[in-house]
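Novice: Okay, here's the prediction I keep looking at, along with the sequence it came from:
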Amino acid sequence: MATSSGLSTREGEQTQKPIIDLTGATVRFCGDSGDGMQLAGTQFTNTSALAGNDIATFPDFPAEIRAPRGTKAGVSGFQIHFASTEIFTPGDRVDALVAMNPAALSTNLADLVPGGILIVNKDAFDEKGLKQAGYEENPLEDGSLAAFQVFPVEITRLTRLAVDDLGLGVKEADRCRNFYAMGLAFWLYERSLEPTMRYIEAKFGKRPEVAEANRRALKAGFNYGETTEAFASQFRVNKASLPAGLYRNIMGNEATAWGLIAASVRSKCDLFLGSYPITPASDILHELSRHKNFGVRTVQAEDEIAAVTSAIGAAYGGAMAVTTSSGPGIALKQEGIGLAVMTELPLLIINVQRGGPSTGLPTKTEQADLLQAICGRNGECPLPVIAARSPADCFDVAQEAWRLATRYMTPVMMLTDGYIANGSEPWRVIDMKSLPPIEVKHPGPLAEGQVFHPYARDERLARPWAIPGTPGLMHRIGGLEKQDITGNVNYEPANHQHMVDLRAKKVADIALDIPEQEVNGPSEGKLLVLSWGGTYGACATAVREAQELGVSVAHAHLRYLNPFPRNLGEVLRAFDKVLVPELNRGQLRLLVRGEYLVDAIGLNKVQGKPFSVHEIVAKIHELVA
Amino acid sequence: MSTDTSLPVLTPGDFASDQDVRWCPGCGDYSILAQMKKVLPTLGIPPEKTVFVSGIGCSSRFPYYLNTYGIHSIHGRAPAVATGLKTSRPDLMVWVITGDGDGLSIGGNHLMHTIRRNLDVNIVLFNNRIYGLTKGQYSPTSPLGKVTKSTPMGAIDNPLHPLSIAIGCEGTFVARSIDTNIKHLGAMLKRAAEHRGTSFIEVYQNCNVFNDGAFDYATDRDTKAETTIELEHGKPLIFGKNRDKGIRLNGMNPEVVELGKGITEDDLLFHDERAPEPSLAYLLSRMSYPEFPEPIGVFRAVDKPVYDQMLNAQITEARKARGDGDLNKLFHSGETWTVE
Amino acid sequence: MQCPFCKTENIEGVDECQHCQQPLAFLSRPRASSPIEHSLIKDRIYKLGPRKPLTVAAQTPVGEVLRLMVARAVGCVMVTEGDQLVGIFTERDALVRLNVDVATQSHRPVSDFMTAAPETIAHDAPIAFALHKMDSGGYRHIPVLTDGKPSGVISVRDILRYIAEDLASRMV
């Protein structure tokens, strides 16, 4: 993570504080949800991006809405990992923790590296605050923080002092504390105040005294770092060499929504979303409902089942139909998904996975819905499944899912998770003109004497997408078993076998249309790390670190989970051992063993948290020893 | 663009599919199908613009027997399927065919929300007061005490009144008809099709295998004049073979009175389809045999904003206010930075 | 709901302003609708001056407890085992649970007639909490705890006096 590569001093500055160069660092702001840590984190992120670092972020939202101030349930945080190299995760351990109250300290301290920087708002460590956090003694005084570089700063008092003559009430003055904390953190990592100054100017124009207060608090925090002896040095993280272009920060759910709109534009199908609010997927519904000028129709349905069935109705009418949810909602939708499989309609089902089972942990991440995606319906009901690996990847995967859905006339399940849905990373903006169209054809009216067969198939076994309104193509679809080609209800034994096999083959043959599996590293050797979904960042980083130490290890990350890429068996068999790290109890491992008879080994963690790079590195070393 | 300006004249034959109809001999559904085939050609909407959506049940086999577009979906969900279809394709005429089990048991939630949204679809609920397809369990409209395969000691559930539910959801068009009253049924279907907004028709349908005779009181030539009352907008509620009885309001409750003996037509309750409040319609929906004659006809017909129209109007408004969507513009909006 | 920092209109209940990103959760905190309500939320139990309670051991015969209550003119006693509060015995318990049988039952331990594991309140809790507990629980006395140990008792009379004084002070 952060390595010291030498000291340097700035020229022409009055202060002589040394600057330590780092390749990267991880900073976390945490406090009560009313302390404005999300804003602090976002500003730090944008400033670092503008400074040319590669960045990855992860917001940590409070477990309860409107928890009482100062309690542990109300703690909210924001973590930023920024570096001069390419990075893939928001950071395992925190190098600098800014804790605005005791509850935030107690819930976040475990993630701070020994020797790490700990900045606390000393004024919040009063009797009440300590009691709410469950501290018997004041940790600032009892020596329990000896392992860290502790900087108790009177943020409340100093902020109030800084804005003293502006006529703000005490409560209003206190709301500038996040800017003070930002200022100090910016000084510590040698970030420019300019972007935040511009932000204050732009956002608080209507209340000049608030704008001035925020500016003063920001500068006061910065100057504190500069003048106080307590802070002996600053850190510098240089620019990363990223491909040239225009960048923006993008969050996973936002990328999913934009990817859906992009697919709609590329295929010239009006987007229809039937959805029901559920954490952590609701933001996709919110984002899409803001883009009606793209022709996006969003229906907040009365329940999860209405959400998927309304999407099916829209698909029958020719729309690009989508439904979004998380684990519990997908469970409810399965009968509907089965109907879409049986009627061979294109439909996207997006599962933003969260901790389960049942209501589980709504705000925590997990990837334990893979078996639900593959096997969750009654009968032999094959469903293509595709998974995104990072926030920005959601943009691409949403479009790929729609490409497959329309090409093969099948519903497709797209899996993401709470971690990548809420996390963000820089995304190089593309030009929509550079993306090829997604070909969608609806059959036209029949010629004289022709008969329409709703289940006649092309070379990919896809049936025609005949939509109501087209003269002469009237037909009925339904969930009962049907005769091939004609679509008439049919219960004959041989026909059922034929149809079940056909639907399975249609999905299996998608493997001919998707890329072969790529491997990062040697194509054969001692160990292959096989991952899927949001664990990409931790696995890629872990394998890179191990490779740098000379370990014979490669990494294959799956995007397509059903069908698997056509060369996957070959890839797996080229290695002595296959390690499958998953945030579940071994679901991909089960599938891979069943499909390829490869004795894959699992690294399984079901704690509502992502893997740390360290956990995977340790396992890699254990397996190649 | 075609220069032929004459509209094709459609016949029932244009709407008949090639599938053999598989309902039991004597089933009331045949009558409803026949009336639908007679009414459809008169609506001026071609078969390719017509979609029938159904759930699961004997009623829900309906779409297979018409040569229009159709979806035989899953149990209870037809109104939701229709919602997605109609909002994205407001140009289509969409019918929802359901039954007392499909629509009021598993589908109750979707039915309620579709009606309260006032989606422009025509819902026909075939009420046979039994579960036919699964061979004879009781349904949400079966009477108290009904002995069936799953209730050998008699049903203990208080039954629902489908029209009371529809009116409770502020349905903008609510009507009742009877499978064997073919002229009346045809008229109701036509009025439903012409109404803009959700049209809900309850049809008393006889299941001659599992619940035969459930509506004999309303269909027998000898009794029906006494046990049913035809609603006509603006006219007093009069019934009876000799048209000698009427319905009068006593406080908030209806009562049956005899005309003559001091009571004239003017004392009676006058039907008003267009009353803005649903209270009158609700009151009529509570009138049940044997205490009261059961009303048939249009209980309520009012105009309110239509869901699919409002949804699409917002799309148009958004386009007007912000211009058609441009993804490149969206990508460039907000905070961005350039890497050289 | 207007953001007080940048004046932008936001949707009700959002966590952050959509324009300036400052946190807005505090706007949905319940606000006192009158000065007396404000006082009840702000002031703490210790402001009522909880009296040191009459305390008896759980095994004390109930007859003796009744004599003590009359002698000290109190409506309730705390029942303890060691320094732990195990129950409360009030006039109402005497009326309801002893009643006319007092003569024959007076030798039995007070623990047979007390309300065990009573609701308590922390000495630094808002007075409003005590009011709420009394109203929903239907009782008139609440033991006060300081650091988990019984340190006093308050009754509905203490709250009435507090409210009367508060109202009176505003009329000045």
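Specialist: Received it, and whenever you're ready, just let me know what you need.

Novice: Get me the contact residues on the stretch 51-200 of chain A for chain B.
Specialist: When proximity is defined as C-beta under 8 Å from any C-beta of the partner chain, the stretch 51-200 of chain A approaches chain B at A:G52. (Glycine included, C-beta is placed from N, CA and C.)

Novice: Low-confidence bits of the stretch 51-200 of chain A, can you list those?
Specialist: Residues of the stretch 51-200 of chain A meeting the criterion pLDDT under 70: A:63.

Novice: For it, which segments are assigned as strands?
Specialist: Along the stretch 51-200 of chain A, counting by DSSP state E, counting those that start in this stretch, strands occupy A:54-60, A:75-83, A:94-99, A:112-121, A:149-153.

Novice: Turn those strands into CSV, including mean neighbour count.
Specialist: Below are those laid out as CSV (neighbours: other C-beta atoms under 10 Å in any protein chain shown):
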stretch, mean neighbour count
strand A:54-60, 23
strand A:75-83, 27
strand A:94-99, 26
strand A:112-121, 20
strand A:149-153, 18
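
Novice: For chain C, which of the ones you listed is the nearest?
Specialist: Chain C sits nearest to strand A:75-83 of all the strands of the stretch 51-200 of chain A, at 8.6 Å, using C-beta to the nearest C-beta.

Novice: so what secondary structure elements neighbour that closest one?
Specialist: Counting contacts by 3 or more C-beta pairs under 8 Å, 6 or more residues apart in numbering or on different chains; DSSP states H and E, strand A:75-83 is packed against strand A:24-32, helix A:37-50, strand A:54-60, helix A:102-108.

Novice: What strands flank it, and is each parallel or antiparallel?
Specialist: Pairing partners of strand A:75-83, with direction, according to DSSP bridges: strand A:24-32 (antiparallel), strand A:54-60 (antiparallel).

Novice: So which residues on chain C come close to chain A?
Specialist: Counting by C-beta under 8 Å from any C-beta, chain C comes close to chain A at C:4-8, C:15-16, C:19-23, C:25-26, C:28-29.

Novice: The residues you listed: which two are farthest apart?
Specialist: Using C-beta to C-beta, the two most remote members of the residues of chain C next to chain A are C:H19 and C:R29, lying 21.3 Å apart.

Novice: Contact partners for the residue of the stretch 1-150 of chain B found nearest chain C?
Specialist: Per C-beta to the nearest C-beta, B:R117 is where the stretch 1-150 of chain B lies closest to chain C, at 21.7 Å. B:R117 is in contact with B:83, B:198, B:307, counting by C-beta atoms under 8 Å, 6 or more residues apart in numbering or on different chains.

Novice: quick one: low-confidence parts of chain B?
Specialist: B:1-8.

Novice: mind redoing it with 80?
Specialist: In the predicted model of chain B, residues B:1-9, B:13, B:18-21 satisfy pLDDT under 80.

Novice: Next: chain C.
Specialist: Across chain C, the ranges flagged by pLDDT under 80 are C:28-31, C:148, C:172.

Novice: Buried residues, stretch A:191-209. List them.
Specialist: Residues A:191, A:193, A:195-196, A:199-200, A:203-204, A:207 are the ones in stretch A:191-209 that count as buried (16 or more other C-beta atoms under 10 Å in any protein chain shown).

Novice: Intersect those with the contacts of chain C.
Specialist: Answer for those near chain C (C-beta under 8 Å from any C-beta): A:203-204, A:207.

Novice: Take those and lay them out in TSV including pLDDT.
Specialist: Conversion of those to TSV gives the following (pLDDT from 0 to 100):
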residue	pLDDT
A:K203	93
A:F204	93
A:R207	91
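
Novice: which of the residues you listed lies closest to A:C394?
Specialist: Distance to A:C394, by C-beta to C-beta, is smallest for A:K203 among these, at 27.6 Å.

Novice: In the chain, spot the helix with the most residues.
Specialist: With no chain named, the answer covers chain A. Counting residues, the longest helix found in chain A (DSSP state H) is helix A:208-227.

Novice: not quite, I wanted chain B
Specialist: Every helix in chain B considered (DSSP H), the longest is helix B:307-322.

Novice: what's that one in contact with?
Specialist: With C-beta under 8 Å, 6+ apart as the criterion, helix B:307-322 contacts A:292-293, A:295-297, A:299, B:83, B:86-87, B:90, B:117-120, B:325.

Novice: which element follows it toward the C-terminus?
Specialist: helix B:327-332 (DSSP states H and E).

Novice: Give me the contact status of that following helix with chain A.
Specialist: Yes: residues of helix B:327-332 contacting chain A under C-beta under 8 Å from any C-beta: B:327-328, B:330-332.

Novice: For chain C, state which of those residues is nearest.
Specialist: Nearest to chain C among the residues of helix B:327-332 next to chain A: B:L330, at 16.2 Å, using C-beta to the nearest C-beta.

Novice: I figured that closest one hits A:W258, correct?
Specialist: Yes: shown here, B:L330 and A:W258 form a contact pair, counting by C-beta atoms under 8 Å, at 7.0 Å.

Novice: which of those two has more neighbours?
Specialist: Comparing B:L330 with A:W258 by other C-beta atoms under 10 Å in any protein chain shown, the one with more neighbours is A:W258, at 22 against 16.
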